[in-house]
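Colleague: Would you be able to build a 3D model of this:
(chains A and B)
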Amino acid sequence: MTKDLTIAIDVDSPVPVYRQIVDAVRHLLVDGKLKPGDILPGVRELAMDLGVHFNTVAQSYRVLSGEGWLDLKRRRGAMVLDRSRPDRPDRDRQERGVQRLREIIAQLQADGIPARSIAGSLRRLADGIEGVKS
Amino acid sequence: MTPFIAVSNLMLLAAGILFLVTPEMSRPGTFFGVTVVPEFARTEEGNALLKRYRQRIAVLTLAVIVLITVGASIARGLIVPIGIGLEGAAAIACWVRASKEARAFAQAVPSIRTASLSSDSRTLPGGWLFLLGPYVILALAGWFLYSNWHAIPERFPIHWGADGTPNGWSNRTVPGVFGILVVGLFSNILTTVFAYVVVMRTRNASASEGDASGDRAFKRATYFLMMFISYLMSLVFAVVSTRPVWAGSSQASPLPILLVPFVFAVLIAVVVYLVRLSRSRKGSTGDGTPDACWRWGMFYYNPDDPSLLVEKRMGLGWTLNFANKWSWALLGVTVLPTLVILVAVRLMTN
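Modeller: Next up is the predicted model:
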């Protein structure tokens, strides 16, 4: 496992903490920084480090497990699975994702971030996605 | 002034000096238990606040010493406990006042929290064998005593005065022979449980991975200090407990009295090193715990924090999160051995 696998959450953010954990861990999974067979910290350990309730972390792990990223085994913690990506993406899921992206962009604009700056960030992210091995 | 009062006054003076430097022990970003910017201690306001605290501590320490010296002939046996209690209360009062003054410069606790998912972010330094080493030493001493039971005299010394003459005796019975090792066992439970929890079950308070490495280095150093104490205690208990077998009819103390100042000197040097290590950590604002959950900057009560132990804001080390039920269990695990040790030492030296 690589050494710098830091996740960050903002407890003042309107986004629920469990969702922030899911997003942060999923980002590391998609980027390939977390590999199949890696063991994630236990629920109590991660909850303690983040200063949040155990149930919050447990909920995040359940969501990631539901998406097929993690195998939650008793006592062994959460193990990263070799998750094959579907050949044909679920259309509804894709629509929901794009809708979520629109909401985030609207939120950024509402926070006063110029459209050009947001577009630039999106372009850089898109370049990064194309650079990652599928 | 009697030698007893002179020694007592020296101890009160040492405690006063300790209280003077206590604010310097906190991590950068907390000041008298209040979350501040890391540089605050070096600002004009920070210096002025520290100066006022130190003036109060110095005046009150001297007042207590004068009280002890003058009142020694009146209250005799009670004057020293009264003096210690007064100095402790005075120091706490000074701290609480400084803490209230520091609140004017309080900063909001950062809302960003980080954690590492790396498996090597929390490993037991030296492994399990190193942690269990002190218990192995005691077990070997116990086995040695069991194997040489008939070589143990019917009555033998187990405690010595400062001049090296025995002042506590024991008989060749199972509690008399193995009692010292039981005391050693409970002493080790105290130190090793604490050492383990600090390094494995406390969170890194820093807001970035780079800063967290400073936290980990500090925790590892604390762990090795606690384990040094544990190994030292095990060796002392092993030497003293097996003494009836290898010392024969000799009444001499098995350990040279010079060992005491040597050990104290080593411990002071290590604590000074720990303070420097703590202060050298890259500063983030505060320690990640909300100020509202700290009572007087000393007692931590946060039901939303699953931590058992958090870094102290007064002095160096860790303190319990009193809102966590397991913290009370940990308190029991540490207090119970202390009581057992005190009772056992009392019974064995009678």
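Colleague: wouldn't B:Ala195 be in contact with B:Ala221 here?
Modeller: No: counting by Cβ atoms under 8 Å, B:Ala195 stays clear of B:Ala221, with 11.2 Å between them. Just so you know, the C-beta spots here come from the backbone N, C-alpha and C atoms, and that holds for glycine as well.
Colleague: These two: who's more crowded?
Modeller: A count of neighbours by other Cβ atoms under 10 Å in any protein chain shown puts B:Ala195 above the other of B:Ala195 and B:Ala221, at 23 against 17.
Colleague: can you list the residues of chain A near chain B?
Modeller: A:1-13, A:25, A:28, A:34, A:38-41, A:44-54 (Cβ under 8 Å from any Cβ of the partner chain).
Colleague: The residues you listed in helices, which ones?
Modeller: With helices taken from DSSP state H, the overlap with these comprises A:Val25, A:Leu28, A:Arg44, A:Glu45, A:Leu46, A:Ala47, A:Met48, A:Asp49, A:Leu50, A:Phe54.
Colleague: so how many other residues sit close to B:Asn167?
Modeller: Counted with other Cβ under 10 Å, B:Asn167 comes out at 12.
Colleague: That one: which element?
Modeller: strand B:166-171 (DSSP states H and E).
Colleague: For ChimeraX, write a command that selects the buried ones of the residues of chain A next to chain B.
Modeller: For the buried members of the residues of chain A next to chain B, the matching ChimeraX selection, counting by 16 or more other Cβ atoms under 10 Å in any protein chain shown, is:
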select /A:5,6,7,9,25,28,34,38,39,40,41,45,46,47,48,49,50,51,52,53
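Colleague: As a check, name the ranges of all strands in chain A.
Modeller: A:6-10, A:39-40, A:70-73, A:77-80 (DSSP state E).
Colleague: helix, strand or coil for the closest residue to B:Ser170 other than its chain neighbours?
Modeller: What sits nearest to B:Ser170 in space, not counting adjacent residues and going by Cβ to Cβ, 6 or more residues apart in numbering or on different chains, is B:Gly176, at 4.0 Å. With DSSP: H, G, I helix; E, B strand; the rest coil as the basis, B:Gly176 sits in helix.
Colleague: next one: the one 3 residues further on
Modeller: With three-state DSSP as the basis, B:Gly179 sits in helix.
Colleague: what's the burial count for it?
Modeller: Residues near B:Gly179, counting by other Cβ under 10 Å, number 18.
Colleague: Quick check: the gap between it and chain A.
Modeller: 38 Å (Cβ to the nearest Cβ, to the nearest Å).
Colleague: and the gap between that residue and B:Ile158?
Modeller: 8 Å (Cβ to Cβ, to the nearest Å).
Colleague: ok, now A:Glu95?
Modeller: Distance, A:Glu95 to B:Ile158, using Cβ to Cβ: 80 Å.
Colleague: so where do the helices sit in the stretch 1-150 of chain B?
Modeller: B:3-25, B:44-75, B:79-102, B:127-147 (DSSP state H, counting those that start in this stretch).
Colleague: On the three-state scheme, B:Arg252 is what?
Modeller: Slight slip there: residue B:252 is Ala, not Arg. Quick answer, by three-state DSSP: B:Ala252 is coil.
Colleague: rewinding a little: who wins for proximity to A:Arg19 among the helices of the stretch 1-150 of chain B?
Modeller: Evaluated with Cβ to Cβ, the helices of the stretch 1-150 of chain B place helix B:79-102 nearest to A:Arg19, the distance being 36.4 Å.
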